[in-house]
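[1] Structure, please.
(6 chains)
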Protein chains: 4
Amino acid sequence: MATVDAIFEATIQVLLVDGPVRLTTTHVAERAGVSVGTLYQYFPHKEALFYGLNERYLDVLADKVASACEAQRGAPLAQMVEALVTTYWRAKTERAEVTRVLYRSVAELDNTALLAAFSRRVDAATEAMFASACDAAFDDLPTVNLMLLTTIFGTVRNIFERALSDAEGRALHAQLSVMCLAYLETVRVTRRSVPAAAASAD
Amino acid sequence: MATVDAIFEATIQVLLVDGPVRLTTTHVAERAGVSVGTLYQYFPHKEALFYGLNERYLDVLADKVASACEAQRGAPLAQMVEALVTTYWRAKTERAEVTRVLYRSVAELDNTALLAAFSRRVDAATEAMFASACDAAFDDLPTVNLMLLTTIFGTVRNIFERALSDAEGRALHAQLSVMCLAYLETVRVTRRSVPAAAASAD
Amino acid sequence: MATVDAIFEATIQVLLVDGPVRLTTTHVAERAGVSVGTLYQYFPHKEALFYGLNERYLDVLADKVASACEAQRGAPLAQMVEALVTTYWRAKTERAEVTRVLYRSVAELDNTALLAAFSRRVDAATEAMFASACDAAFDDLPTVNLMLLTTIFGTVRNIFERALSDAEGRALHAQLSVMCLAYLETVRVTRRSVPAAAASAD
Amino acid sequence: MATVDAIFEATIQVLLVDGPVRLTTTHVAERAGVSVGTLYQYFPHKEALFYGLNERYLDVLADKVASACEAQRGAPLAQMVEALVTTYWRAKTERAEVTRVLYRSVAELDNTALLAAFSRRVDAATEAMFASACDAAFDDLPTVNLMLLTTIFGTVRNIFERALSDAEGRALHAQLSVMCLAYLETVRVTRRSVPAAAASAD
DNA sequence: CATGAATGAGGGTTCATTCAT
DNA sequence: CATGAATGAACCCTCATTCAT
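    Residues are numbered from 1 along each chain as shown, chains lettered A, B, ... in the order given. Have a look, this model is predicted:
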């Protein structure tokens, strides 16, 4: 609904412009152009508003990653890694300030469940992608995949957390791909040139 | 001073037992066995208390990392990485619940300056360590070092953030060493003063 | 608005009954029959409440003086002085306790701006009145007028400040008129459009 | 005692430099170069400190006025008035900022008793002075005297209260003498040239 | 459904005062 | 007698939430 969207966007704007301290229901409602009463008709309490915002944010993010993964089915490993890292990086960098502010505010929320749901979706998408790699296979793909995602999520977050310059950010983005690929090359099963078989198994 | 220590420890206990929402000055003072007035004699405001706690936490952490780095001067690369990752991991795992709760709460604080100071210390220590490696050299050590730390910090944080099981945590810890080493092996310069042996081992 | 009036009146009552020390926002709100929150919806902080009360008080006072001055346009000097002094005195004496308590409490407030606005209004009104006197004129009316008002304001205040009895108060009120008139007779210019009569009366 | 003096002076300094809001016992003690504990050995509570300061201030003021009055015994009326007004004005103007700050702060204190004592002393001094005037006598000297002092005290206070410029202040000082003398000339007994008799009656 | 004035529990903070050293 | 750390009652103010209109 338009109202809900307006409230979500207002929440972000309040966070951006006035900071987390001024994130009051009244303030959000005002900026959304509705009354507090209306806000409370869509969200039973403040936490629900924040929870919803993060849910939506993570849904969109998961969508993007999942799409990218599907587009890479059967591609070579290096390309997959590049696509995954870059998709995630772009999604986070697009509205860097929003990303930063959301990173900082989720602390006020028990977002474990949210993160679990998000992780499940992304895990599934990336695992399926890597399983379909035309030029690589892994003994313990679940662990490798978990490690990879943990690294990507964590590293990107850390880049935002330390107030690194854009140049440093870009450099680290490139290095992140290098690192992830290096890792995958290291842990892939040694027999590699089984292209046809691996491909037909997909 | 004993009082300050008691207040810091009380802060942690309140965070652990009652959660960040119940982190009130009165509550902390009570648990520390002092009056609010006393608390305010050591910390000008609530934020300063929290800031101080984090400062101390990061100082201890940086100390541990720096010591480990110094102990590794001149060691081979693989051992350095292992030592670095394990030191950091142990420091974070020792009191896992405390780590988790601090990860979640620092977001409410503008800890940019704190992180910057912490990063500067750790950066210097690890860069000096890697520069002394007996079996490896790097073209752009600063960037490589920055990337490595960003990955370690971020990955560990993410492990805590997603409520992963101990087993998964341990697995990822091991993988983290693998990943870091894989990265360093990839970006190191091939020629080195121990040319033949090092090259053939690759 | 009714609520604002209730709060103002409650402020006065608290001052009267409990004294300036007990003038707390909670206390005022209680006595006004509203909650603290409501009080803060009309006044951004405690000082604003007090400032508003004084503003209103001075506005009413200035109104009374201004009306009296207009009613005296063209009257003889003695009558003007009598009217001015008596109007001011009555306004202050009507609710003597309120006057006393406000005199004592305004000091805690930076009411310079308030007093300036009040003075400007009263100055203008009395100066216009004296300029229209049918039987007197002044070389430097602004200074004379300023002196007169300063004396009236100050003397009345001092009567309240020293806890003089009603009888003493009444006596001083009468003397105040005498004094003001004596002053004006002394500083008026002798030549006037009613020359002979006015001059011989001196 | 030197300590008491230091504390009094520190109180004034705190009022001047930091304002009435920062007038805390700790702050005063610090500026006086002693500890709070010491302050409490000389003053049982904060109010006593403030009371003492005002008492001393009024004592000095009364001394000055009384001396001036004694020096005017037997002098002509006009000279007496001039001396009285000027003495009081000078005493207040000498450290104008201190005067202003004390005027503003006495409100926090029930200084009725203090003012009564002060008034009694000054009343006696001025009444004795006027009774000795070589060229004037009064039917109801107590009332006339009370009126005169009330006017002088009140007018001077009002000059300080309105933030009048120095020039305006000086002008009003001059006018104040004019006004007081005009008043006394008006209310003196009509038979005037009884010089010898009046003088011998003293 | 929308509104927004009213609510009041509860938080951060201050500061007069005490008392063990 | 001096010190100053400790105390804790009390204050100002905020803001999530409700409900009569």
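
[2] what residues does chain A put near DNA strand E?
    Proximity of chain A to DNA strand E, by C-beta under 7 Å from any atom of the strand, involves residues A:3, A:34-38, A:40-41. Where you see a C-beta, it was placed from the backbone N, CA and C, and this is true even at glycine.

[3] The same query, at a cut-off of 6 Å, please.
    With C-beta under 6 Å from any atom of the strand as the criterion, chain A meets DNA strand E at residues A:3, A:34-38, A:41.

[4] what's the domain layout of chain A?
    Following automatic domain parsing, one finds the domains of chain A at A:1-43, A:54-200.

[5] which residues of chain A fall in helices?
    A:2-18, A:25-32, A:36-42, A:46-71, A:77-93, A:96-105, A:112-131, A:141-161, A:166-187, A:195-200 (DSSP state H).

[6] And the furthest pair within the residues of chain A next to DNA strand E?
    Across those, the longest distance by C-beta to C-beta is 13.0 Å; it joins A:3 and A:36.

[7] Quick check: the gap between the residue in chain A that chain D sits nearest to and DNA strand F.
    Using C-beta to the nearest C-beta, residue A:21 is the residue of chain A that sits closest to chain D, at 24.8 Å. Per C-beta to the nearest atom of the strand, to the nearest Å, residue A:21 is found 6 Å from DNA strand F.

[8] returning to what we had before: select only the buried ones of the residues of chain A next to DNA strand E in PyMOL?
    Entered in PyMOL, the line below selects the buried ones among these, by 16 or more other C-beta atoms under 10 Å in any protein chain shown:
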select buried, chain A and resi 34
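
[9] Now flag whichever of the residues of chain A next to DNA strand E is closest to chain C.
    residue A:36 (13.1 Å).

[10] residues contacting that closest one?
    Contacts for residue A:36 (C-beta atoms under 8 Å, 6 or more residues apart in numbering or on different chains) come out as A:25-26, A:29.

[11] Counting neighbours, which of those residues end up buried?
    The neighbour-count test (16+ other C-beta under 10 Å) marks A:25, A:29 as buried among the contacts of residue A:36.

[12] Can I get the contacts of residue A:36 in TSV including distance to chain D and pLDDT?
    Below are the contacts of residue A:36 laid out as TSV (distance: C-beta to the nearest C-beta, whole Å; pLDDT from 0 to 100):
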residue	distance to chain D	pLDDT
A:25	33	97
A:26	30	97
A:29	36	97
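
[13] Quick check, the residue in chain A closest to DNA strand E?
    Going by C-beta to the nearest atom of the strand, DNA strand E is nearest to residue A:37 of chain A, at 2.1 Å.

[14] Apart from its neighbours in sequence, what residue is nearest the most centrally placed residue in chain A?
    Against the mean C-alpha coordinate of chain A, by C-alpha atoms, centre = their mean, the closest residue is residue A:61 at 4.9 Å. In space, residue A:61 comes closest to residue A:91 once its chain neighbours are excluded; the distance is 5.5 Å by C-beta to C-beta, 6 or more residues apart in numbering or on different chains.

[15] what does residue A:115 give?
    According to C-beta to C-beta, 6+ apart, the nearest residue to residue A:115 is residue B:162 (5.6 Å).

[16] List the residues that contact that neighbour.
    Here residue B:162 is in contact with A:112, A:115-116, A:119, A:150 (criterion: C-beta under 8 Å, 6+ apart).

[17] any idea which of these has the most stuff around it?
    The most crowded member of these is residue A:150, carrying 25 neighbours; neighbours defined as other C-beta atoms under 10 Å in any protein chain shown.

[18] I figured that one was touching residue B:155, is that so?
    Yes. If you go by C-beta atoms under 8 Å, residue A:150 and residue B:155 touch, sitting 5.4 Å apart.
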